[in-house]
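K.L.:
Pasted the sequence and its predicted model underneath.
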Amino acid sequence: MYVPAHFAPDDESVHELLADHGAADLVTATPDGLVATILPFVYDQEHGRLLGHLARNNDHWRRSVIGDALVILRGPDSYITPSWYASKAEHGRVVPTWNYLTAHVYGTMTVHDDPDWVADVVRRLTDHHEAGRPEPWSVDDAPEKFFRGQLRAIVGIEITIKRIEAKFKLSQNRPAADIDGVIRGLRQSGDESGATAVENHRP
């Protein structure tokens, strides 16, 4: 990944993205070519791994992996119009761009077809995404027999992390007045998460 110095995040920011991201893309090279599946992961920082699951009927997990697996995780992303820049009024030498947070995680993929291992991952994912809700749903809210039946329809995926390449492109290369304009413009257009990301990572 091409990462100019002003878009290189610190380690803490990368760990925050890994811990709190949307659905990610799992990409592997196989003898039949590239295969990709979108799915959520939970980040186990202590053991340096990403944990998730695939539908048993999705043959991605059955295909031999050549080399490392790649997981592409993302944070907020936003179109940035040059109309928000103070520089536009000053000299007009501005162009549109796109702001985003992303991490490319490379590692060894291991498939787990053990119901107890998969149940633990489902609980972790559920607890993570239900946290903070007024009435969080728990795996224990479902009948045990039903839950166990659902587990038979999925297999677990573990990515043991070897390296991470991350890029937080959030207008850090613009003058302060332009950054202020981006934050204001994103908020006015209803993109609070994009505005907060720029605000939290301004130089």
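P.N.:
Structure received.

K.L.:
hey, let's count contacts and neighbours off CA atoms from now on
P.N.:
Fine.

K.L.:
so who does Asn173 touch?
P.N.:
Going by C-alpha atoms under 8 Å, 6 or more residues apart in numbering, Asn173 touches His6.

K.L.:
any idea which element it lies in?
P.N.:
Here Asn173 is covered by no helix or strand, with elements defined by DSSP states H and E.

K.L.:
ok, it to Pro9 distance?
P.N.:
13 Å (C-alpha to C-alpha, to the nearest Å).

K.L.:
Same question for Leu50.
P.N.:
20 Å.

K.L.:
Looking at these two now, which is surrounded by more residues?
P.N.:
Between Leu50 and Pro9, counting by other C-alpha atoms under 10 Å, Leu50 is the more crowded of the two (22 against 18).

K.L.:
Can you verify that one is assigned to a strand?
P.N.:
Yes: counting by DSSP: H, G, I helix; E, B strand; the rest coil, Leu50 is located in a strand.

K.L.:
quick one, what contacts it?
P.N.:
Phe41, Val42, Tyr43, Asp44, Glu158, Ile159, Thr160, Ile161.

K.L.:
For the residue most central in space within the chain, grab phi and psi.
P.N.:
With distances taken as C-alpha atoms, centre = their mean, the residue of the chain nearest its centroid is Leu73 (2.7 Å). Note on Leu73: its backbone torsions stand at phi -110, psi 150 [degrees, to the nearest 10].

K.L.:
how about Leu73, what does it touch?
P.N.:
Taking C-alpha under 8 Å, 6+ apart as the test, what Leu73 contacts is Leu17, Leu18, His21, Gly22, Ala23, Ala24, Asp25, Thr102, Ala103, His104, Val105.

K.L.:
Show me what counts as buried in the lengthiest helix in the chain.
P.N.:
The longest helix of the chain (DSSP state H) is helix 115-130. Across helix 115-130, burial judged by 16 or more other C-alpha atoms under 10 Å covers Pro115, Val118, Ala119, Val121, Val122, Arg124, Leu125, Thr126.

K.L.:
Return the residues in contact with the closest residue to the third one other than its chain neighbours.
P.N.:
I take that to be Ala119. Closest residue to Ala119 apart from its sequence neighbours, by C-alpha to C-alpha, 6 or more residues apart in numbering: Leu151 at 6.8 Å. Shown in contact with Leu151 (C-alpha under 8 Å, 6+ apart): Pro115, Val118, Ala119.
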